[in-house]
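K.L.:
quick check, what structure comes out for this input:
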Amino acid sequence: MKIWTACFLFLSATLIAGEPAPPQSPPSPHEQYVLARRYAAGDGVEKNKQKAVELLRLAASAGDADAQYWLGNANRLGMGIPVDAAEAVKWYSAAAKQNHAAAQCSLGECCEKGEGISVDEQAAFEWYSRSAALGNLDAVIAKGMSHLRGIGTDKNPAQAIRLFKLAALQDFVESFQILGQCYEAGIGVEKDLPTAFLNFSIAAEKGHPDAEYKLGEYYLKGIGTPENKDKAREWLQKSADHGNSKAAALLKELK
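P.N.:
Numbers count the residues shown, from 1 in each chain. Prediction:
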């Protein structure tokens, strides 16, 4: 009787408590990558760059392209680990082969500058082209600059302008700054200071420090727009506040 009572009590407890929870599966490589980014930013967890890098290595080694790209960034920029340009190239290459557009662009930069790899301007242009084809706007600009300077490809300022305008259509701030410089100097287009002023204005309104400086300079000297000393000081101050030393120096001259 005692045995049956014990069995009844055991079965009742099992039914009340439910079946034991199955063991949780380990996080996927991409989940490890997401957690790494959270540790890097202190998003919901205590900020820990070393833990972030540890998780990135696990995810990157398992083939996650995002993790490979960010591990490349960590090695290139020294984020939580010492700078190692060759290791950065290794991980950028792994991600680039999986059609990770940002990694392709970064690999192009390394090839162009000789960071962690021998200088290879043609390879740089090829990586920029592949990345640009996937919609990466940094790569569109880099490809345009290659055409503008004839680096890794034939010099073609007109094609460069087309690429800069393509990025501008997508509201990419750097494109407006570069177009302003081109219209200012007449590179790939007819020299047009009012249009240069317009492009610098758009970039400045988006917080580009160099464009803020140019806008201040244009207002100060009446280039492409009527002279306006108050607006000149305003934009030069904004540029100086964003770390532009030329703007800070020019402001001192005006006082």
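
K.L.:
apart from its neighbours in sequence, what residue is nearest residue 250?
P.N.:
Spatial nearest neighbour of residue 250, chain neighbours left out: residue 236 (5.7 Å); criterion: C-beta to C-beta, 6 or more residues apart in numbering. To be clear about C-beta, it is placed using only N, CA and C from the backbone, and glycine gets the same treatment.

K.L.:
any regions of this structure where pLDDT drops low?
P.N.:
For the chain, the stretches flagged by pLDDT under 70 are 1-23.

K.L.:
mind doing that once more with 50?
P.N.:
1-17 (pLDDT under 50).

K.L.:
which stretches of it form strands?
P.N.:
Using DSSP state E, no strands are assigned anywhere in the chain.

K.L.:
what are the ranges of the helices in it?
P.N.:
2-17, 29-41, 49-61, 65-77, 85-96, 101-113, 121-133, 137-149, 157-169, 173-185, 193-205, 209-221, 229-241, 245-254 (DSSP state H).

K.L.:
quick one: contacts for residue 166?
P.N.:
Applying C-beta atoms under 8 Å, 6 or more residues apart in numbering, we find residue 166 in contact with residue 140.

K.L.:
so who does residue 85 touch?
P.N.:
So residue 85 contacts 75, 76, 110, 115, 116, 117 (C-beta under 8 Å, 6+ apart).

K.L.:
ok, residue 96 touching residue 111?
P.N.:
No - using C-beta atoms under 8 Å, residue 96 is not in contact with residue 111, being 10.6 Å away.

K.L.:
now the common contact residues for the two.
P.N.:
What both residue 96 and residue 111 touch, as defined by C-beta under 8 Å, 6+ apart, is the set residue 127.

K.L.:
one step back: wait, isn't the residue nearest to residue 250 in contact with residue 251?
P.N.:
Yes - here residue 236 reaches residue 251: they are 5.0 Å apart, a contact under C-beta under 8 Å.

K.L.:
these two: which is more packed in?
P.N.:
Taking other C-beta atoms under 10 Å, residue 236 and residue 251 do not tie; residue 236 has more neighbours (26 against 16).

K.L.:
relative to residue 207, how far out is that one?
P.N.:
14 Å (C-beta to C-beta, to the nearest Å).

K.L.:
ok, residue 74 next?
P.N.:
According to C-beta to C-beta, residue 74 stands 26 Å off from residue 207.

K.L.:
and these two? Which one has more around it.
P.N.:
Applying other C-beta under 10 Å to residue 74 and residue 207 shows that residue 74 carries more neighbours, namely 25 against 12.

K.L.:
quick one: contacts for residue 207?
P.N.:
Contacts of residue 207 (C-beta under 8 Å, 6+ apart): 173, 242.

K.L.:
how about residue 95?
P.N.:
Residue 95 makes contacts with 65, 66, 68, 69, 72, 103, as judged by C-beta under 8 Å, 6+ apart.

K.L.:
need those residues in a markdown table (columns: neighbour count).
P.N.:
Converted to a markdown table, those look like this (neighbours: other C-beta atoms under 10 Å):
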| residue | neighbour count |
| --- | --- |
| 65 | 22 |
| 66 | 21 |
| 68 | 29 |
| 69 | 27 |
| 72 | 30 |
| 103 | 27 |
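
K.L.:
distance to residue 169 added to those residues, as JSON lines?
P.N.:
Output for these, formatted as JSON lines (distance: C-beta to C-beta, whole Å):
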{"residue": "65", "distance to residue 169": "28"}
{"residue": "66", "distance to residue 169": "27"}
{"residue": "68", "distance to residue 169": "31"}
{"residue": "69", "distance to residue 169": "26"}
{"residue": "72", "distance to residue 169": "29"}
{"residue": "103", "distance to residue 169": "25"}
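
K.L.:
alright, I will stop here.
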